[in-house]
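Asker: Return a 3D structure for these sequence lines:
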Amino acid sequence: MHVLLIGSGGREHALAKALASSPRLSTLTIAPGNPGMASLGELLPISDIDHIRVWVRTQHIDLVVIGPEAPLAAGWADVFRADGYAVFGPSKSAARLESSKSFAKQLMQRVGVPTAAFRSFTSAKEAQAFVRSANTPYVVKADGLAAGKGVVVADSVDETLDAIQLVANTPAGQQILLEERLYGPEVSLIALCDGVHAWPLPSSRDHKRLLDGDEGPNTGGMGTISPLRAINYSTAQELVQRTITPILNVLQAHNMPFIGALYAGLILTEHGPKVIEYNARFGDSETQVMLPLCDGDMLIALYTAALGQLNDDTLQWSNRAAACIVVGSYGYPNLPRRGDPITINTERLPTDGYVLHAGTQLVNGQLVSAGGRVLNAVGIGTDMHSALRTAYEVVDCIQLHGMQYRLDIGQTELL
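Answerer: Here you go, the predicted structure:
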């Protein structure tokens, strides 16, 4: 099979690694990809859909896999499906689950998916007036796509007011959501969906804050672990039935079936699990730890899902554990510095550890930073202790001036 994978980040590197392991794969083309993926497939150095479509017409493509949220929100899946290709990735209308938080919240209310109480505003002044009247802090969210950084969890009324203004000044903040703050451990629940059925990937937990102890600003994610002790396969299936299946059913009923990876960000409150938000694609950096823990053929799983024929027996959860430590550039997330040289001591990499590229490029033969989240250090182990130990051994093999990473990823799972 010839697969076209669209994207260039750590998530796509993890997907490329999983797809490349399939005995059914003949050719993997990645558009545009990054230097770390060059050993896994052919890099196609174009990133706009018109040029990609021109190239695709000269090929025999069996499956298109779309990684990032922006092309999904722009309707790339619709275009490729209209051209006759099998596509793993939701339509533009179904991807509104992520591209419009208010749409997702209204849908949750309609089908009874538990979530935080919320109010939506189109004016910063109106939102601020509401907060002053309520005299309580809120979680402030931009309605649109904000690369994982359009959320501020405020601890006071003044912080809420400042966050509203901050979010309103972004392109994604033309509409603002205020949500009640929920308390409890967070869980990333991601399921492969074929429009009707959903199969849960191993449970995971993302660490959004920049600094140890969950301090500092929100980021796109500084590290992940999988699986979680509290969420085994049976529990994950129950969570899917409660938080994902109702959404699939209502989208199917409105002729916009969700085909792709549906991500439910959950918080386990004292009153039960509640959905914080949905993403209409694989998580980044959850994908980096979930896929290595799936035994079976990931290519066939994505292909059958794209055809609406997902089989629960294609993949199984392994009994291993995985950890990913995100290495960020100097100045991330506000002003990430680009162009810093990167050195990876591959000879020192542990047996069950490896590096995934997220924001890198080659300049005159030198690997340099090209984004905020630069590299992913991944460790696989028989348990979480060994997976984390291996992941940090991988970090020690990386040299990048001013690099940032957390030292406490997964520590709460070890208590």
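Asker: make it CA atoms for all contacts and neighbour counts henceforth
Answerer: OK.
Asker: can you point me to the longest strand in this protein?
Answerer: strand 259-269 (DSSP state E).
Asker: ok, it: who's next to it in the sheet?
Answerer: If you go by DSSP bridges, strand 259-269 pairs up with strand 186-194 (antiparallel), strand 272-279 (antiparallel).
Asker: So which of those is the most surrounded?
Answerer: Stretch with highest mean neighbour count among those: strand 186-194 (a mean of 26; mean count of other C-alpha atoms under 10 Å).
Asker: list the helices and strands the helix or strand following that one packs on?
Answerer: Following strand 186-194 in sequence order, the next helix or strand is strand 198-200 (DSSP states H and E). Strand 198-200 is packed against strand 186-194, helix 233-243, with contacts defined by 3 or more C-alpha pairs under 8 Å, 6 or more residues apart in numbering; DSSP states H and E.
Asker: ok, now with 10 Å
Answerer: Under the contact definition 3 or more C-alpha pairs under 10 Å, 6 or more residues apart in numbering; DSSP states H and E, strand 198-200 sits against strand 186-194, helix 233-243, strand 259-269, helix 298-306, strand 315-317.
Asker: And for the very next helix or strand once past it, what's in contact with it?
Answerer: Counting by DSSP H and E, the element after strand 198-200 in chain order, helix or strand, is strand 205-206. The contact list for strand 205-206 (C-alpha atoms under 10 Å, 6 or more residues apart in numbering) reads 185-189, 220-228, 265-266, 283-286, 289, 323-324, 409-410, 413.
Asker: Please repeat the previous calculation with a cut-off of 7 Å.
Answerer: With contact meaning C-alpha atoms under 7 Å, 6 or more residues apart in numbering, strand 205-206 is reached by 186, 187, 188, 221, 223, 224, 225, 226, 286.
Asker: Go through those and say which is closest to residue 98.
Answerer: Of all the contacts of strand 205-206, residue 98 sits closest to residue 188, with 14.6 Å by C-alpha to C-alpha.
Asker: follow-up on the earlier one: among the contacts of strand 205-206, which two are most distant?
Answerer: Of all pairs in those, the most separated under C-alpha to C-alpha is 221 and 226 at 14.4 Å.
Asker: Compare the two and say which is more crowded by neighbours.
Answerer: A direct count of neighbours by other C-alpha atoms under 10 Å for residue 221 and residue 226 places residue 226 higher, at 32 against 21.
Asker: which residues does that one contact?
Answerer: Residue 226 neighbours (C-alpha under 7 Å, 6+ apart): 202, 203, 204, 205, 289, 290, 321, 322, 323.
Asker: Quick check on the fifth one: phi, psi?
Answerer: I take that to be residue 289. Backbone torsions of residue 289, given as degrees, to the nearest 10, read phi -110, psi -20.
Asker: My guess is it contacts residue 225. True?
Answerer: Yes. Between residue 289 and residue 225 there is a contact under C-alpha atoms under 7 Å: 6.4 Å.
Asker: list residues touching both of these two?
Answerer: Contacts common to residue 289 and residue 225, judged by C-alpha under 7 Å, 6+ apart, are 322, 323, 324.
Asker: Considering those residues, which is situated nearest to residue 1?
Answerer: Comparing the shared contacts of residue 289 and residue 225 against residue 1 with C-alpha to C-alpha places residue 322 closest, at 28.4 Å.
Asker: one step back: the shared contacts of residue 289 and residue 225, buried ones only, as a PyMOL selection?
Answerer: Command for PyMOL, covering only those of those found buried under the criterion 16 or more other C-alpha atoms under 10 Å:
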select buried, resi 322+323+324
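Asker: between the shared contacts of residue 289 and residue 225, which is closest to residue 67?
Answerer: The closest of the shared contacts of residue 289 and residue 225, once distances to residue 67 are taken by C-alpha to C-alpha, is residue 324, at 18.3 Å.
Asker: any idea which helix or strand carries the closest one?
Answerer: Per DSSP H and E: strand 321-328 holds residue 324.
Asker: Repeat that for residue 367.
Answerer: With elements taken from DSSP H and E, the one containing residue 367 is strand 366-369.
Asker: Which SSE is immediately downstream of the lowest-mean-pLDDT helix or strand in the chain?
Answerer: Every helix and strand of the chain was ranked by mean pLDDT, DSSP states H and E. The lowest is strand 151-153, at a mean of 86. Next helix or strand after strand 151-153 toward the C-terminus (DSSP H and E): helix 157-168.
Asker: Show me which parts of that next one are buried, residue by residue.
Answerer: Of the residues in helix 157-168, 157, 158, 159, 160, 161, 162, 163, 164, 165, 166, 167, 168 count as buried by neighbour count, 16+ other C-alpha under 10 Å.
Asker: ok, now stretch 382-397?
Answerer: 384-395, 397.
Asker: any chance of these in CSV, with pLDDT and secondary structure too?
Answerer: Output for these, formatted as CSV (pLDDT from 0 to 100; DSSP: H, G, I helix; E, B strand; the rest coil):
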residue, pLDDT, secondary structure
384, 97, helix
385, 97, helix
386, 97, helix
387, 98, helix
388, 98, helix
389, 98, helix
390, 98, helix
391, 98, helix
392, 98, helix
393, 98, helix
394, 98, helix
395, 98, helix
397, 98, coil
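Asker: element containing the most centrally placed residue in the chain, please.
Answerer: Residue closest to the average C-alpha location in the chain (C-alpha atoms, centre = their mean): residue 283, at 1.5 Å. Using DSSP H and E, residue 283 sits in no helix or strand.
Asker: May I have the phi/psi pair for it?
Answerer: phi -80, psi 160.
Asker: And it, how close does it get to residue 376?
Answerer: Taking C-alpha to C-alpha, to the nearest Å as the measure, residue 283 falls 13 Å from residue 376.
Asker: again with residue 1
Answerer: 28 Å.
Asker: Show me which of the two is the more surrounded one.
Answerer: Shown here are residue 1 and residue 376; by other C-alpha under 10 Å, residue 376 has more neighbours (30 against 17).
Asker: That one looks like it's in a strand, true?
Answerer: Yes. Counting by DSSP: H, G, I helix; E, B strand; the rest coil, residue 376 is part of a strand.
Asker: ok, back up a step: mind putting the strands paired with strand 259-269 into TSV with mean pLDDT?
Answerer: Below are these laid out as TSV (pLDDT from 0 to 100):
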stretch	mean pLDDT
strand 186-194	97
strand 272-279	94
